[in-house]
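A.B. asks: Okay, structure incoming, though there's no sequence with it:
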């Protein structure tokens, strides 16, 4: 079955075109984002609260990507 792509749908660059800096930036961003959730899952209430506040601040400060 063929998948149709409408206008405005972003396509990922083939792996051969992705630069090392692109991959490093993505990994760094992913790690930072994942760290919020590691802290939210910890049993200490203060740690969870602080991590939740940091996640909200991070999401509010980030420009909306589309």
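C.D. replies: That came through, no problem. Note that the structure is a prediction, hence the values are computed from the model and not measured. Numbers count the residues shown, from 1 in each chain.
A.B. asks: What does the pLDDT read for the closest residue to residue 32 other than its chain neighbours?
C.D. replies: Spatial nearest neighbour of residue 32, chain neighbours left out: residue 58 (7.9 Å); criterion: CB to CB, 6 or more residues apart in numbering. Glycine gets a C-beta too; all of them are placed from N, C-alpha and C. Residue 58 is assigned 88 on the pLDDT scale.
A.B. asks: burial of residue 58, as a residue count?
C.D. replies: 12 (other CB atoms under 10 Å).
A.B. asks: For the strand or helix carrying it, name the packing helices and strands.
C.D. replies: Assessed by DSSP states H and E, residue 58 sits inside helix 45-61. Applying 3 or more CB pairs under 8 Å, 6 or more residues apart in numbering; DSSP states H and E, we find helix 45-61 packed against helix 20-40.
A.B. asks: and the angle from the helix it packs on to helix 45-61?
C.D. replies: 140 degrees (axes from the mean of the first three to the mean of the last three CA atoms, to 10 degrees).
A.B. asks: Name the helix or strand of this protein that has the lowest mean pLDDT.
C.D. replies: One helix or strand of the chain scores below all others by mean pLDDT, DSSP states H and E: helix 20-40, with a mean of 80.
A.B. asks: For it, buried residues please.
C.D. replies: With burial defined by 16 or more other CB atoms under 10 Å, the residues of helix 20-40 counted as buried are 36, 39.
A.B. asks: cool, and stretch 52-62?
C.D. replies: residue 55.
A.B. asks: So the closest residue to residue 51 other than its chain neighbours versus residue 22, what's the distance?
C.D. replies: Nearest non-adjacent residue to residue 51, counting by CB to CB, 6+ apart: residue 39, 3.3 Å away. Using CB to CB, to the nearest Å, residue 39 is found at 27 Å from residue 22.
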